[in-house]
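1. sequence unknown, structure follows:
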């Protein structure tokens, strides 16, 4: 791996009121910079007393957000819309980083571990509870409805679009 080799990258997803970091949006970056961004604490989780709960890496929001996002590496693009986030996209992106020799094997493995951990959560609104369980040494049990948020948001968006079309608005897809 060459620490000076740069690749065009765009990493973004819309969470909450657009609070996902734009640090890796439409830029040239080294593999080390990309790795550090993916693993970096997003700082979006707080306990009931308002104290920051560390450990919610950026990578998790890419795999389990409810809105939309993109991963771009050079000419390869993974985009998703409402209710379509997936750790499969994140895995493919990370695999390509490794195939292009942008990240080292130990970085690849660390990201794969974080992807597997993110799959255990599968809903960005459960990250806080997962981290609290982890901090307290309790076992995490993924809620039965963890993945349902994708279907629910997709249904909500489709109902809104239908309502707007019924009122005569032209909606571009």
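-> Received it, and whenever you're ready, just let me know what you need. Quick caveat, the model's predicted, so the values are computed rather than measured.

2. I'd like the distance from the lowest-mean-pLDDT helix or strand in the chain to the chain centre, please.
-> When the helices and strands of the chain are scored by mean pLDDT, DSSP states H and E, helix 148-166 comes last with a mean of 72. From the chain centre to the centre of helix 148-166 is a distance of 21 Å (CA atoms, centre = their mean, to the nearest Å).

3. repeat for stretch 98-117
-> Relative to its chain's centre, stretch 98-117 lies at 15 Å (CA atoms, centre = their mean).

4. just the mean pLDDT for it, thanks.
-> Across stretch 98-117, pLDDT averages out at 97.

5. buried stuff in it?
-> By neighbour count on 16 or more other CB atoms under 10 Å, the buried set for stretch 98-117 is 98, 102-103, 107-108, 110-111, 114-115, 117. C-beta here means a position set from N, CA and C on the backbone, and glycine is covered the same way.

6. ok, so of the residues you listed, who is nearest residue 42?
-> residue 114 (12.0 Å; CB to CB).

7. what about the most centrally placed residue in the chain, distance to residue 166?
-> Note on the chain: the residue nearest the mean C-alpha position is residue 62, at 1.0 Å, using CA atoms, centre = their mean. Noted for residue 62: a distance of 34 Å to residue 166, by CB to CB, to the nearest Å.

8. now do the contacts for residue 62.
-> With contacts defined as CB atoms under 8 Å, 6 or more residues apart in numbering, the neighbours of residue 62 are 11, 13, 38, 69, 71, 85, 89-90.

9. please indicate which of the residues you listed are buried?
-> In the contacts of residue 62, burial by neighbour count holds for 11, 13, 38, 69, 71, 85, 89-90, counting by 16+ other CB under 10 Å.

10. before we move on, the earlier item: so what's the residue nearest to the centre of the chain scoring on pLDDT?
-> On the pLDDT scale, residue 62 gets 97.
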